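Engineer: Following is a predicted model, sequence given first.
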Amino acid sequence: MTHPARALVLTALLAACGGTNDRLQVSGTVEIRELELAPLAAGRLARLLKDEGDTVHRGDTIAVLEQPGVGALIAERRAQARAAALRVNDVKASEADSARAANDLARAEPLRSRGIVSEQQFDGLRASAAAAAARLASMRAAPSESAAANAAFAAAVAIRDQLTVLAPEDGIVLTRYADPGEALAAGTPVVALGLVRRPWIRAYVGDRDVAHVKVGGAATVRLDGVQDAFAGRIVEISPRAEFTPRAALTERERADLVFGIKVELDDGDAGGRVKAGMPATVEIPLPR
């Protein structure tokens, strides 16, 4: 038997045994995270800008809903906020008028005792000061009214913004759940987005080997049809045992208890070569 042939036989035997003394070898599948994107407010789906299979980038608009009267409500609240802001400016003018009237009255007090200012003039100054103080008191609520008007305007704008569905991450639209013209409640998914740039591998470790696997431990991932190996890290170990998934392993191994593990790649999607559903082999170094 030639040397290459012997190497192939040895490799096959090691794979069947699930690894060697210094490493554990398990099978798995590439998975991706899926996000269901939904509006935060109820409305009618006016525009759907992305469809199944479309690539989207973070911040892209996926869908736009409409709600009758939102535009008019925003215009009304904007006008109220502007009017309240003008009243705040009027308060400053009233403060100046009240201060001036009070000063005029204070200066006239000694002049009245000396007969320079008549009682009629003094009474007029006192009335003006009282009127200015009353106007100022009536307008003291303007700043709080302005704050309330601005808050109401911001709330109306927030409703409009909640009718727009944006992509939170780069990905691909996997499923479309709604069509333009449909009335949707708040929280009803419009599309499902797959985060293809952040794939991970779901694999299963036997109950006899799970004690050697640690969260944060290094792993090497090999994909069918891809020559290169990828460095990864174990980020999750299931806290509960389960029976081996029926489609994953041999008839004998199906009766074994296993623990699911999650392995993330250090290089993300490794240049787009890692695709959801690809079979993977995970090699985990064992402590000596």
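Structural biologist: On my side now, so go ahead.

Engineer: In this structure, what residue spans correspond to helices?
Structural biologist: In the chain, the helices defined using DSSP state H lie at 3-17, 70-113, 119-138, 142-162.

Engineer: Lowest average pLDDT across those helices?
Structural biologist: Among those, helix 3-17 has the lowest mean pLDDT, at a mean of 37.

Engineer: So if we follow the domain assignment, how does the protein break up?
Structural biologist: According to automatic domain parsing, the chain is divided into the following domains: 3-31+196-285, 37-66+162-192, 70-160.

Engineer: What mean pLDDT does stretch 235-251 get?
Structural biologist: pLDDT averaged over stretch 235-251 gives 69.

Engineer: no, scratch that, I was asking about stretch 33-45
Structural biologist: 92.

Engineer: Quick one: end-to-end distance for that stretch.
Structural biologist: Stretch 33-45 has its terminal residues 25 Å apart, counting by CA to CA, to the nearest Å.

Engineer: Quick check: buried residues in it?
Structural biologist: Neighbour counts over stretch 33-45 (16 or more other CB atoms under 10 Å) mark Leu35, Leu37, Ala38, Pro39, Ala41, Ala42, Gly43, Leu45 as buried. Using the backbone N, CA and C atoms, a C-beta is placed for each residue, glycine as well.

Engineer: The second one contacts Val165, doesn't it?
Structural biologist: Yes - under the criterion of CB atoms under 8 Å, Leu37 makes contact with Val165 at 5.2 Å.

Engineer: Show me the common contact partners of these two, please.
Structural biologist: Shared contacts of Leu37 and Val165 (CB atoms under 8 Å, 6 or more residues apart in numbering): Ile62, Ala63, Val190, Val191.

Engineer: These in strands, which ones?
Structural biologist: Residues of those located in strands (DSSP state E): Ile62, Ala63, Val191.

Engineer: Could you report the separation of the second one from Ala183?
Structural biologist: It stands for Ala63. Separation of Ala63 from Ala183 (CB to CB, to the nearest Å): 13 Å.

Engineer: which neighbours do those two share?
Structural biologist: Joint contacts of Ala63 and Ala183 (CB under 8 Å, 6+ apart) are Leu45.

Engineer: ok, the two, which is more surrounded?
Structural biologist: Ala63 (23 against 11; other CB atoms under 10 Å).

Engineer: Quick check: beta-bridge partners of the more buried one?
Structural biologist: Leu48, Val165 (DSSP bridges).

Engineer: That one is in contact with Leu49, isn't it?
Structural biologist: Yes - taking CB under 8 Å as the definition, Ala63 is a contact partner of Leu49 at 6.6 Å.
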